[in-house]
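**Q** 3D model of this:
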Amino acid sequence: MKLTVNLGKDSYPIYIENNLLKHANSLIGEIFSGRRIMIISDDNVYPLYGQMLTEQLSADYDLSHLVLPHGEGTKSFQTLPVIYGALLKARISRSDLIIALGGGVIGDLAGFAASSFLRGVKFVQIPTSLLAQVDSSVGGKVAVDLPEGKNLVGAFYQPKLVLIDPLVLDTLNPRFINDGMGEVIKYGCIKDSELFCTLEAHSSFTELKEELPSIIHRCVDIKRVVVEHDQFDTGERMLLNFGHTLGHTIEQYYHYERESHGEAVAIGMYQITRLSEDLGITAGKTSLRIRKLLEAYGLPYECGLPIQELLHAIAVDKKNLNNRLNVILLHNIGSSYIHPTTSAFFSRESNYII
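**A** All right, here's what the predicted structure looks like:
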């Protein structure tokens, strides 16, 4: 399956296919005519897939690689000098290529390094986690975290190619399958009630496996259309952040050491829908459907924090524009909207536990 993100000169193809990694070389050759390639990966992924990729590419390119520690803690400014140093040592130039081989952390981090090194080096996304395959590898958002919040320093920098091989998920820790399902459920919530119903009709990820390529395709296609309409995240693209305002603050509160991204977003989706139902601006029982689906796919819906603990981080959320906080809410399943408000949306009940 092939999709194309149509962004003029920044357009690029996305391939979704089982066993795609076994012929990545030919697809990379279609978009890259340079000589040197740097593969950036982590210590979980590279031992599994780095050699396969290296064997294909080494006949045609001068290859080097950098293997970083896995985990959200790596996605920081402290890691950037390490990457820049490796790129310099490998003599990577603006005519060369960076490949991000890994999950969302590696994709965001390698992409940001690519956007800033020599004012821009071409890069390819090869996502190896479900979350990265259905969401973060597409759309060109690249970033690093600050202590004050997640993804607060970043860029819009589109890849030249995205290669998605669903079979690599067979080696993924089950927790991070669940993690990725948080983003899959998000797409059903915001844009596709039929996808949500498909997920409801199954009781686990294992039951979905035969349909997985088509489910990934549906999520990516939704994101493709949204990104084409709003590349720089000032309007419709904000809908993709459903659950993220609370989710990011939960991740930060626990220093990225407790809830994973997908787990935190799951909590955020349920809790913000519960709040909007209380205000009468989301259809009743919507949060109940979300909660049941989260439970079916092994995702949390609460974290036990008083909402007051999160208000400072909410105040610096990236969706604050013109002194207004844009939160993403649902009319009902499959229909989302941007709700301009302030942090008072979250603070009206000081004892609210999420």
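**Q** Helices of the chain, start to end?
**A** Across the chain, reading from the start of the chain, the helices by DSSP state H fall at 24-31, 51-57, 80-89, 104-116, 130-131, 174-191, 193-200, 205-208, 212-229, 244-253, 261-278, 286-296, 311-315, 344-347.
**Q** how about stretch 78-88: buried residues?
**A** Residues Thr79, Leu80, Ile83, Ala86, Leu87 are the ones in stretch 78-88 that count as buried (16 or more other Cβ atoms under 10 Å). Every C-beta, even on glycine, is put in place using the N, C-alpha and C of the backbone.
**Q** that older thread, looking at the helices of the chain, which one is packed in the most?
**A** The highest mean neighbour count among the helices of the chain belongs to helix 130-131 (a mean of 28), with neighbours defined as mean count of other Cβ atoms under 10 Å.
**Q** hmm, who's touching that one?
**A** The list of residues contacting helix 130-131 from outside it, by Cβ atoms under 8 Å, 6 or more residues apart in numbering, reads 103-104, 169, 172, 176-177, 179-184, 216, 261-262.
**Q** ok, 7 Å please
**A** Outside helix 130-131, the residues that touch it by Cβ atoms under 7 Å, 6 or more residues apart in numbering are Gly103, Gly104, Leu169, Leu172, Ile177, Asp179, Gly180, Met181, Glu183, His261, Gly262.
**Q** The fourth one - nearest residue in space that isn't next to it in sequence?
**A** Distances taken as Cβ to Cβ, 6 or more residues apart in numbering put Ser129 closest to Leu172, at 6.2 Å, once the chain neighbours are dropped.
**Q** wouldn't the one you found be in contact with Gly182 here?
**A** No. Ser129 is not in contact with Gly182 according to Cβ atoms under 7 Å; the separation is 11.6 Å.
**Q** Phi, psi for Asp230 please.
**A** phi -150, psi 80 (degrees, to the nearest 10).
**Q** OK, contacts around the closest residue in space to it that isn't next to it in sequence?
**A** Once flanking residues are discounted, Asp230 sits nearest to Arg237: 4.0 Å by Cβ to Cβ, 6+ apart. Remark: with contacts taken as Cβ under 7 Å, 6+ apart, Arg237 is in contact with Val226, Val227, Asp230.
**Q** Tell me the pLDDT of Arg237.
**A** At Arg237 the predicted local distance difference test score is 93.
**Q** Pull up the gap between it and Thr79, please.
**A** From Arg237 across to Thr79, the span is 27 Å (Cβ to Cβ, to the nearest Å).
**Q** would you turn the helices of the chain into TSV with mean pLDDT?
**A** TSV is the format used below for the helices of the chain (pLDDT from 0 to 100):
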stretch	mean pLDDT
helix 24-31	94
helix 51-57	93
helix 80-89	97
helix 104-116	97
helix 130-131	96
helix 174-191	94
helix 193-200	96
helix 205-208	85
helix 212-229	95
helix 244-253	91
helix 261-278	95
helix 286-296	97
helix 311-315	74
helix 344-347	80
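**Q** So for Asn18, which of those helices sits nearest?
**A** helix 212-229 (6.6 Å; Cβ to Cβ).
**Q** what packs against that closest one?
**A** Judged by 3 or more Cβ pairs under 7 Å, 6 or more residues apart in numbering; DSSP states H and E, helix 212-229 is in contact with strand 2-5, strand 12-16, helix 174-191.
**Q** and the shortest one, which residues are buried?
**A** Right, the one you point to is strand 2-5. Judged by neighbour count using 16+ other Cβ under 10 Å, the buried positions of strand 2-5 are Leu3, Val5.
**Q** C-alpha coordinates for it, CSV please?
**A** Taking only C-alpha atoms (Å, rounded to 0.1, in the frame of the first residue of the first chain), the coordinates of strand 2-5 have been written out as CSV:
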residue,chain,number,x,y,z
LYS,A,2,1.3,3.4,-0.9
LEU,A,3,0.2,6.8,0.1
THR,A,4,1.6,10.2,-0.8
VAL,A,5,1.6,13.3,1.4
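**Q** what helices or strands is that strand leaning on?
**A** strand 12-16, helix 212-229.
**Q** Now do the shortest one: everything it contacts.
**A** Translated: strand 12-16. Under the contact criterion Cβ under 7 Å, 6+ apart, strand 12-16 has outside partners 1-5, 27, 138, 158-164, 213, 216-217, 220.
**Q** Mind listing the strands it pairs with, and their directions?
**A** When pairing is defined by DSSP bridges, strand 12-16 lines up against strand 2-5 (antiparallel), strand 161-164 (parallel).
**Q** For the last one, give the mean pLDDT please.
**A** Mean per-residue pLDDT for strand 161-164: 98.
**Q** do stretch 61-72 as well
**A** This predicted structure assigns stretch 61-72 an average pLDDT of 95.
**Q** Mind listing what's buried along that stretch?
**A** Of the residues in stretch 61-72, those buried under the neighbour-count criterion (16+ other Cβ under 10 Å) are Tyr61, Leu63, Ser64, His65, Leu66, Val67, Leu68, His70, Glu72.
**Q** For Ile272, state which of those is nearest.
**A** Distance to Ile272 across those (Cβ to Cβ) is lowest for Glu72, with 21.8 Å.
**Q** Which pLDDT value does the model give the closest residue in space to that closest one that isn't next to it in sequence?
**A** What sits nearest to Glu72 in space, not counting adjacent residues and going by Cβ to Cβ, 6+ apart, is Tyr256, at 3.8 Å. In the predicted model, Tyr256 carries a pLDDT score of 85.
**Q** Fine, thanks again, bye for now.
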